[in-house]
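K.L.:
Next comes the sequence, and after it the predicted model I'd like to discuss.
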Amino acid sequence: MVWAEGEQKKQVGGKDRNELASAQALVIWAIPLPRRNCISALEKVHPKTVYLIGATTPAETPETLSPDWPAC
């Protein structure tokens, strides 16, 4: 079971927190926040093994905030 949210879910073919189900292993694609989401996921899946990938993607970049800003 691969737990991923948002765009990462589509990229890796994962399940979001509402789609998780029991599995032998859980791959946590990105660090989940808040902590209660992680605890809830572990309670739903009951994995014997957990893999933490910790992938991150910036939610905002200077370009998405204001395309008129000069590049640094």
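P.N.:
Perfect, thanks for sending it. Treat the numbers as computed from the prediction; the structure is a model and nothing was measured.

K.L.:
only C-alpha atoms for contact and neighbour calcs from this point on.
P.N.:
Fine.

K.L.:
Identify the single longest helix in the chain, thanks.
P.N.:
For the chain, the helix with the greatest residue count under DSSP state H is helix 35-45.

K.L.:
Now the element after that one, going C-ward?
P.N.:
Counting by DSSP states H and E, the next helix or strand C-terminal to helix 35-45 is strand 49-52.

K.L.:
Measure how far that next one is from the centre of its chain, please.
P.N.:
The chain centre lies 13 Å from the centre of strand 49-52; the measure is CA atoms, centre = their mean, to the nearest Å.

K.L.:
quick one: average confidence on that strand?
P.N.:
Averaging pLDDT along strand 49-52 yields 93.

K.L.:
Packing partners of that strand?
P.N.:
Contacts defined by 3 or more CA pairs under 8 Å, 6 or more residues apart in numbering; DSSP states H and E place strand 49-52 against strand 25-28.

K.L.:
List the buried residues in the strand it packs on.
P.N.:
Leu26, Val27, Ile28 (16 or more other CA atoms under 10 Å).

K.L.:
Could you do stretch 3-16 as well?
P.N.:
Within stretch 3-16, the residues scored as buried using 16+ other CA under 10 Å are Trp3, Ala4, Glu5, Gln8, Gly14, Lys15, Asp16.

K.L.:
Let me see the confidence value for the last one.
P.N.:
If I follow you right, that is Asp16. On the pLDDT scale, Asp16 is placed at 93.

K.L.:
swap in the one 4 residues further on?
P.N.:
Taken from the predicted model, the pLDDT recorded for Leu20 is 96.

K.L.:
if we can go back for a sec, could you give the mean pLDDT of the longest helix of the chain?
P.N.:
Here helix 35-45 scores 92 as its mean pLDDT.

K.L.:
Quick check: buried residues in that helix?
P.N.:
Residues of helix 35-45 classed as buried under the neighbour-count rule (16+ other CA under 10 Å) are Ala41, Leu42, Lys44, Val45.

K.L.:
give me every residue that touches Leu52.
P.N.:
Val27, Ile28, Trp29, Ala30, Ile31 (CA atoms under 8 Å, 6 or more residues apart in numbering).

K.L.:
neighbours around the last one, how many?
P.N.:
In this case it means Ile31. Ile31 has 14 neighbours, counted by other CA atoms under 10 Å.
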